Each structure stands twice: as structure tokens, then as C-alpha cells.
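**Q** give the three-dimensional model of this entry:
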Amino acid sequence: MSNTSVQLNEPVIRIVAFEVALLLVAFVLTRQLVIPLFLLFDFYLRGWDMQRFSPLRWIAIQVNHYLLQNRYKPVFAPPKLFAAKIGAVMNFAIIMAVVIAPPSFSLGLAIVVIFFALLESLAGFCTGCYIYNYYQKVRHHLHF
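**A** Numbers count the residues shown, from 1 in each chain. Purely as a prediction, here's the structure:
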């Protein structure tokens, strides 16, 4: 998906974000390591051009089809893919925190991701997309 004209469907993305928030709430409540492991895998698929294999995306497509009558709102893909990569990094950090840090650290990281996932899901505000845009401006300014 290296083509910069690629579009993604915003309603599907917002449903996926809600799924992420629900799963991380389950992690906060149960502290089951399998949840951030699964999320790391799913974020990896979505961030590195393998969206078609993402279980969360598949569920979101079904929800969009059956409950939202296939709503479609195209959005520019690269910022969303960048945001998914940030999600992968954050879930990796949660996993590492579970393994090597006090429990409160992993829970704090999970709450941060829940907050940003709910911002995307409920308000359509993609924090990772803003970071992407800032990164692109800095990159362009420095001529990388």
C-alpha cells in the first residue's frame, strides 16, 4: 500500500478503534497478556500492508455491513497506517511493561491507548494522523 492515493474506509477504522478500546479495557480488568499480544499482531497486520488478514478489520467490515448498511467515507491511508504502527509500538510497550515493570505501568500505557482509541472511535480524532502530518512537515523541512 505504498501508493499515496490509497484510501481507507473511515467507518471501518472507527469500529476497529472501538474494538481496540474494548479489548484493552478487558486487559485492564483481567491483566491477560494474550490481549496485548493479539493487538500487537493485529496492529502489525494493519500497519504493514496486510490489512486483509486483520481479524479486527474483518469484524469491523461485518459490523459496517450489517449494522451501518456499508457506510463509506474515504480517508487518506498513509496517516492511518502510521497510526496503526504507533498502536503496534504501544502494544509492544504494554507487553514489555507486563514482563519487566510494575503492574501499574502496563495499566497506564493501556489506559493511554484506550483514550486515543476512543478519541478515534467516538470523535473521529486520529492523534496518530496528526503526529504523521507533523512528522511529514519536519521530514520535508529537513529534506530526508
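
**Q** strands of this protein, start to end?
**A** 7-9, 74-76 (DSSP state E).

**Q** can you count the residues close to A101?
**A** Using other CB atoms under 10 Å, A101 has 14 neighbouring residues. C-betas here are computed from N, CA, C, even on glycine.

**Q** my bad, should have said F115
**A** 12.

**Q** let me see the contact set for the closest residue to G124 other than its chain neighbours.
**A** Computed as CB to CB, 6 or more residues apart in numbering, the closest residue to G124 that is not its neighbour in sequence is R14, at 6.5 Å. R14 is in contact with 120-121, 124, counting by CB atoms under 8 Å, 6 or more residues apart in numbering.

**Q** where does this protein have low pLDDT?
**A** Residue ranges of the chain with pLDDT under 70: 1-4, 144.

**Q** in it, which residue is closest to the centre?
**A** Nearest to the mean C-alpha position of the chain, counting by CA atoms, centre = their mean, stands A84 at 4.2 Å.
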